[in-house]
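**Q** just a sequence and a predicted model for now, questions to come.
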2 protein chains.
Amino acid sequence: VGALPLSDGPEPGAQFLAEIREQPRALAGLLAHEPEIARIAATARTRGPAFVRLVGHGSSDNAAAYGVYAFGLLPRWTALRDSITLTVHYGTDLDMSGSTVVALSQSGQTPDVVEYVRAARRGGAFTIGITNETESALAREAEALIPLGARREQAIAATKTYTNQLAALALLAAYAAGEGPLMAERIRATIDLLDELIPALEQRMPELGATFAYVSRMFVIGRGAGFATAREIALKLLETCRVAAEPLTATSFAHGPIAALDAQFPVWAIASNDEMLPALIEAAARVRGTGATLIASGSAADLIPGAEHVLATPEPPSPLLAPLLAVIPGQLFAWALARAKGLDPDQPRGLTKVTLAK
Amino acid sequence: VGALPLSDGPEPGAQFLAEIREQPRALAGLLAHEPEIARIAATARTRGPAFVRLVGHGSSDNAAAYGVYAFGLLPRWTALRDSITLTVHYGTDLDMSGSTVVALSQSGQTPDVVEYVRAARRGGAFTIGITNETESALAREAEALIPLGARREQAIAATKTYTNQLAALALLAAYAAGEGPLMAERIRATIDLLDELIPALEQRMPELGATFAYVSRMFVIGRGAGFATAREIALKLLETCRVAAEPLTATSFAHGPIAALDAQFPVWAIASNDEMLPALIEAAARVRGTGATLIASGSAADLIPGAEHVLATPEPPSPLLAPLLAVIPGQLFAWALARAKGLDPDQPRGLTKVTLAK
């Protein structure tokens, strides 16, 4: 457990919390770019409907995991989190004609994402960059640009740029499917839900953070589109709380990791009212059998039997928008847990806002 | 830490260790199926060269992560670990014509993998099942069958079926690229290397296991084809040692998780002599900066500066076969660490050999 800073500077985690609170406004900033997104989706329908190659690291890769579902469920396109390594490092010249590339980077500077876009463009793909920095290398290299419109993100651990990435992908996929305006309407409705949800959950968090102050490892379980949320919550806990938090699908959890559980190993389950709920309920029953503490969040949190902590989120206007709401309890928990551990979530050790690692 | 069993039964972990040792012979069993693999690859070239959809859970999903590189590097086909959820649970009817499906299940009974194959076949894909059980549901549902030929696997934590899955994917991809006989020759050479490597490493393991007896969390880092190895080693540690072991690519590690490290959080780095070595060396330098203990394995283990434990594996006959050798230190370490912790690696809590979880 780290030491509290003794300076008179800003409250530790103030930046991180401010940006969590800012998410409804940031989403409104993205919606201002709806016309560009509509045009870009039309181009993708013409040039690259065969399949969508998503690339990104960290939170951007988690958004990519969501994109697989957005494109699969709306225009019914096969989307994949493509291997950057194959193209950039092994130099494999894949034929990318007929593909749409969606490259995600908050800063627009992630070196191998930019290099991937350059190679994909040479390989015949239609390349779209989604970034918060419209003057960045990614913005220059990609043929089409979707600005996240979230205003500058200061905290090292991404929050508002992540939710805006989800919304950008939902909107792009919806326009590709000819349902764009309806999705924009639903994102506006989600903004209203977030405006109520964030302050309500924030109030409950300091107590929950204190309960878990000594936790050192966790599993975070989701499935389907909810797996992106599990990945993102686990990453926030790793970054800001030094908790070894591992994201698992409900099924892969049963294929091995469950053997590691004991009463000191809490499990966070993300449950939505969708086709995957039975798998989550089954996984939760296995967790309880081990004596591990269970935290349930999401719109179907109430339906997870035996959860000791329930962080319900409202029913989304569309199942595909559930992850915009479901990530909030995890972001706020990460903030509260970091504070309970005496850590400053604004200053994760060893990280910088722009990651230049290859 | 669990209690040692007091019965006169077999030594705890005897089955797991026996199957680790059996891997060279198991690989020879796979090579007996080379003619079928050649025929199936020829069909895939005709019917589904557009892209390859890999599916599986647990170790089979780790083998699928390897398959992405086997197909990308040899026939230069785009391969993806496809979403089972989209097809099976959300009922998305994706157009799969022109795709080859490669479904991996040791038991051939994994319910949603079998259901996925059924749906993919209806959707126009060429479906290949890779399984150790030739009378299983997967063997019946897939159009083409590659038997793993590993003889029955008894231990719950997969070892020999995993290495045979890797070899089956390497051979299938090589035949698709018109280089099958050369790959078969190289797998034979790898068998000879394994025959020397396994007993040599086994001897060193009890001491190493004792060193880490109290560890409760680890990161396992690889990249490219080595990320499949990182995933598989982490899974063995979760299953048999109750260690919260999380696999990370060298790059995603720098995008957040590094903030969680401290001196009580060892990191295992898997390094091969390939294009990704600089990324591993860079990640290792970041690890050392945190004070965390570093274990290095793989053919380039010696080139990771500052590693406190070095588990070198021989140079493979082809870079793509490195993972067949690189997984061995992890399997043997899992065996030794489980014993040092007083656990029985043959009886992981909460697991059964055939996982029926959805």
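**A** Now that the structure is in, tell me what you want to look at.
**Q** rest of the way, CA atoms for contacts and neighbours
**A** Fine.
**Q** where in the stretch 251-358 of chain A is pLDDT low?
**A** Along the stretch 251-358 of chain A, the parts satisfying pLDDT under 70 run over A:357-358.
**Q** tell me which stretches of it form helices.
**A** A:277-290, A:322-340 (DSSP state H, counting those that start in this stretch).
**Q** please name every helix or strand in contact with the longest one.
**A** With contacts defined as 3 or more CA pairs under 8 Å, 6 or more residues apart in numbering or on different chains; DSSP states H and E, the packing partners of helix A:322-340 are helix A:14-21, helix A:160-176, helix A:180-211, helix A:225-241, strand A:294-298.
**Q** wait, which of these is closest to chain B?
**A** Nearest to chain B, of all the helices and strands packed on helix A:322-340, is helix A:225-241, at 5.0 Å by CA to the nearest CA.
**Q** how far does that closest one sit from the chain's center?
**A** In terms of CA atoms, centre = their mean, to the nearest Å, the centre of helix A:225-241 is set 7 Å apart from its chain centre.
**Q** between it and helix A:322-340, how many degrees?
**A** 20 degrees (axes from the mean of the first three to the mean of the last three CA atoms, to 10 degrees).
**Q** by contact count, what packs against helix A:225-241?
**A** Checking 3+ CA pairs under 8 Å, 6+ apart, helix A:225-241 ends up next to helix A:59-73, strand A:217-222, strand A:244-249, strand A:267-270, helix A:322-340.
**Q** which of those is buried the deepest?
**A** Across the helices and strands packed on helix A:225-241, the average number of neighbours (mean count of other CA atoms under 10 Å in any protein chain shown) peaks for strand A:267-270, which reaches a mean of 28.
**Q** run me through the strand neighbours of that one, direction for each.
**A** Here strand A:267-270 is paired, per DSSP bridges, with strand A:217-222 (parallel), strand A:294-298 (parallel).
**Q** let's see the last one as CSV, backbone CA atoms only.
**A** In other words, strand A:294-298. Output in CSV follows, covering the C-alpha atoms of strand A:294-298 (Å, rounded to 0.1, in the frame of the first residue of the first chain):
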residue,chain,number,x,y,z
LEU,A,294,-19.2,-12.0,-5.7
ILE,A,295,-19.8,-8.4,-7.0
ALA,A,296,-22.5,-8.1,-9.7
SER,A,297,-22.9,-5.1,-12.0
GLY,A,298,-24.8,-4.3,-15.1
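**Q** show residues contacting it.
**A** Strand A:294-298 has contacts (CA atoms under 8 Å, 6 or more residues apart in numbering or on different chains) with A:266-272, A:284, A:287-288, A:302, A:304, A:306-314, A:322, A:325-326, A:329.
**Q** I'd like the helices and strands packed on helix A:322-340 laid out as JSON lines, including distance to B:Trp335 and mean neighbour count.
**A** Output for the helices and strands packed on helix A:322-340, formatted as JSON lines (distance: least, CA to CA, whole Å; neighbours: other CA atoms under 10 Å in any protein chain shown):
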{"stretch": "helix A:14-21", "distance to B:Trp335": "42", "mean neighbour count": "20"}
{"stretch": "helix A:160-176", "distance to B:Trp335": "40", "mean neighbour count": "27"}
{"stretch": "helix A:180-211", "distance to B:Trp335": "35", "mean neighbour count": "17"}
{"stretch": "helix A:225-241", "distance to B:Trp335": "28", "mean neighbour count": "28"}
{"stretch": "strand A:294-298", "distance to B:Trp335": "29", "mean neighbour count": "25"}
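**Q** closest one to B:Leu197 among those?
**A** Set against B:Leu197 and scored by CA to CA, these come closest in helix A:225-241, at 35.5 Å.
**Q** quick one: average confidence on that closest one?
**A** Average pLDDT, helix A:225-241: 95.
**Q** A:Val55 bridge partners, please.
**A** A:Ala103.
**Q** so it versus A:Ile233, what's the distance?
**A** As judged by CA to CA, to the nearest Å, A:Val55 and A:Ile233 stand 19 Å apart.
**Q** ok, A:Val267 next?
**A** 12 Å.
**Q** mutual contacts of the two, please.
**A** Taking CA under 8 Å, 6+ apart as the criterion, A:Val267 and A:Ile233 both touch A:Val220.
**Q** would you confirm that A:Leu235 contacts B:His255?
**A** No - using CA atoms under 8 Å, A:Leu235 is not in contact with B:His255; the gap is 9.1 Å.
**Q** between these two, what contacts are shared?
**A** What both A:Leu235 and B:His255 touch, as defined by CA under 8 Å, 6+ apart, is the set A:Gly58.
**Q** so A:Thr92 touches B:Thr78, yeah?
**A** No - using CA under 8 Å, A:Thr92 makes no contact with B:Thr78, being 10.3 Å away.
**Q** for those two, indicate the residue with more neighbours.
**A** B:Thr78 (23 against 17; other CA atoms under 10 Å in any protein chain shown).
**Q** quick one, what contacts the closest residue in space to the more buried one that isn't next to it in sequence?
**A** Of all residues not flanking B:Thr78 in the chain, B:Phe51 sits nearest, at 5.1 Å (CA to CA, 6 or more residues apart in numbering or on different chains). With contact taken as CA under 8 Å, 6+ apart, B:Phe51 is in contact with B:Trp77, B:Thr78, B:Ala79, B:Leu80, B:Gly98, B:Ser99, B:Thr100.
**Q** now do the phi/psi pair for B:Phe51.
**A** phi -160, psi 170 (degrees, to the nearest 10).
**Q** so what pLDDT did it get?
**A** 88.
**Q** which residues touch A:Ser351?
**A** Just to correct that, residue A:351 is Leu rather than Ser. Taking CA under 8 Å, 6+ apart as the test, what A:Leu351 contacts is A:Ile156, B:Ala254, B:His255, B:Gly256, B:Ile258, B:Ala259.
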